[in-house]
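Asks: what follows is a predicted protein model with its sequence.
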Amino acid sequence: MMTILGLLLAQQYGSVPLDTLANVGAPAYVGVPGSSAQTNLGVTVARILNTVFGLLGIVFVVLIIYGGFLWMTSAGNESQVEKARKIMTQAVIGLAIVLMSYAIAKFVTEALYKATSSSVI
């Protein structure tokens with residue numbers, strides 16, 4: 001399953017998987033069992049970011065579902081509706097923070113990739 005960072009990197013670098021960016025001419029892809037190629041720091045950081053942002057996305061969806069469940073089962077109880085509304089509002093604010101941090105991380109990783117991949121003649 002490809003995450004958001006993987007999709008954005010695939011758009012920037014074509015349809016080449018992120019693992020092949022670290023492949024330095026070895027016949028096997030990085031991360032494939034039995035491969036002798038080693039991953040570089042950029043690939044490792046990208047995998048960690050993919051995992052973290054994927055988990056945060058799951059947390060956001062669970063919080064929205066939980067808030068919606070509380071709201072739907074409130075049966076007119078205003079305190080429970082307010083609690084559900086507060087949970088959903090905080091989840092959306094959290095999602096906005098995560099998206100902004102994702103944008104910053106994407107900008108930094110792209111800048112680092114461009115800075116380290118430029119050839120000096």
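Replies: The structure has been received and is ready for your questions. Numbers count the residues shown, from 1 in each chain.
Asks: tell me the contacts of the nearest residue to residue 95 once chain neighbours are set aside?
Replies: Among residues not flanking residue 95 along the chain, residue 60 sits closest, at 4.9 Å (C-beta to C-beta, 6 or more residues apart in numbering). Heads up, the C-betas are built off the backbone N, CA and C, glycines and all. Contact analysis of residue 60 by C-beta atoms under 8 Å, 6 or more residues apart in numbering lists 91, 94-95, 98.
Asks: quick one: which of those sit in helices?
Replies: 91, 94-95, 98 (DSSP state H).
Asks: just among those residues, which is most surrounded?
Replies: Most neighbours among the ones in helices among the contacts of residue 60, by other C-beta atoms under 10 Å: residue 91, with 19 neighbours.
Asks: who are the contact partners of that residue?
Replies: Contact analysis of residue 91 by C-beta under 8 Å, 6+ apart lists 60, 63-64, 67.
Asks: repeat that for residue 58.
Replies: Contacts of residue 58 (C-beta under 8 Å, 6+ apart): none.
Asks: which element is residue 75 on?
Replies: Following DSSP states H and E, there is no helix or strand that holds residue 75.
Asks: against residue 68, how distant is it?
Replies: Counting by C-beta to C-beta, to the nearest Å, the gap from residue 75 to residue 68 is 15 Å.
Asks: what do you get for residue 60?
Replies: Distance, residue 60 to residue 68, by C-beta to C-beta: 13 Å.
Asks: again, but for residue 82
Replies: Distance from residue 82 to residue 68, by C-beta to C-beta: 14 Å.
Asks: do residue 74 as well
Replies: From residue 74 across to residue 68, the span is 11 Å (C-beta to C-beta).
Asks: so for the two, which residues contact both of them?
Replies: Taking C-beta under 8 Å, 6+ apart as the criterion, residue 74 and residue 68 both touch residue 84.
Asks: who has more neighbours, the two?
Replies: Applying other C-beta under 10 Å to residue 74 and residue 68 shows that residue 74 carries more neighbours, namely 16 against 13.
Asks: now the contacts of residue 91: which count as buried?
Replies: Neighbour counting by 16 or more other C-beta atoms under 10 Å classes 60, 63, 67 among the contacts of residue 91 as buried.
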